[in-house]
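A.B. asks: After the sequence you'll find the predicted model.
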Amino acid sequence: MVRSSMHEPAGDDKKQAGSSMHGPAAPSSPSGFKRRVRCRGEPPGTRVVSPTMDDGFAWRKYGEKTINHHSYPRFYFCCTYRDEHGCGAKKRVQQAHGKHALGTTHVLSFASPAGGLVESVEGSLEELVTLLWS
DNA sequence: CGTATTTGACCACT
DNA sequence: AGTGGTCAAATACG
């Protein structure tokens, strides 16, 4: 969750170093590194709402985790242009109760079309879109 | 060929 | 000890 001291992006340093160390750099000798291939074909009907909704930006899913504390999994998205535009837009989508169908989307930070920078926004996708276009 | 997407594992904090 | 969050690599599709 949000670390008390994770306000500074500099924290990425340690993370990057750590990953590098684990060294997937040596694919030839993975100490048990087995990447299971995925079947890019989820059964139709299971999908209630498309997290990749068109909010004006391209979102790329970079992770998924199931929270035991909650009843549904959480999806992590980040702006596809993160590399080129430095638009450090990050989106966290938590699937709310099936009754509401629409999960809650928390935006960590994203560049506003107006040129402003928004951070730590939380609300439904609908609200976020409205805010973006505000 | 490039991009988007998926899954597993590790890490840091509490 | 457990949780949550991110990265890296591999694959599939256009």
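C.D. replies: Structure received.
A.B. asks: I'd say A:F77 and A:E64 touch.
C.D. replies: No. Using C-beta atoms under 8 Å, A:F77 is not in contact with A:E64; the gap is 10.1 Å. The way it works is simple: take the backbone N, C-alpha and C, and place the C-beta from them, glycine included.
A.B. asks: Between those two, which is the more surrounded one?
C.D. replies: Ranked by neighbour count (other C-beta atoms under 10 Å), A:F77 and A:E64 place A:F77 first, with 21 against 10.
A.B. asks: Is that one bridged to anything, and to what?
C.D. replies: Under DSSP bridges, the beta-bridge partners of A:F77 are A:K61, A:K91.
A.B. asks: Could you do A:T105 as well?
C.D. replies: Taking DSSP bridges as the rule, A:T105 bridges to A:V93, A:G123.
A.B. asks: A:F57 versus A:T66, what's the distance?
C.D. replies: Applying C-beta to C-beta, to the nearest Å, the value for A:T66 to A:F57 is 26 Å.
A.B. asks: More neighbours: the two, which one.
C.D. replies: Between A:T66 and A:F57, counting by other C-beta under 10 Å, A:F57 is the more crowded of the two (17 against 11).
A.B. asks: Next, give phi and psi for A:W59.
C.D. replies: The phi/psi pair for A:W59 (degrees, to the nearest 10) reads phi -110, psi 130.
A.B. asks: can I assume it is in contact with A:K90?
C.D. replies: No. In this structure, A:W59 is not within contact of A:K90 by C-beta under 8 Å, at 9.4 Å.
A.B. asks: any shared contact partners between the two?
C.D. replies: Common neighbours of A:W59 and A:K90, counting by C-beta atoms under 8 Å, 6 or more residues apart in numbering, are A:F77, A:C78, A:C79.
A.B. asks: which among the residues you listed are in contact with DNA strand C?
C.D. replies: Residues of these in contact with DNA strand C (C-beta under 7 Å from any atom of the strand): A:C78.
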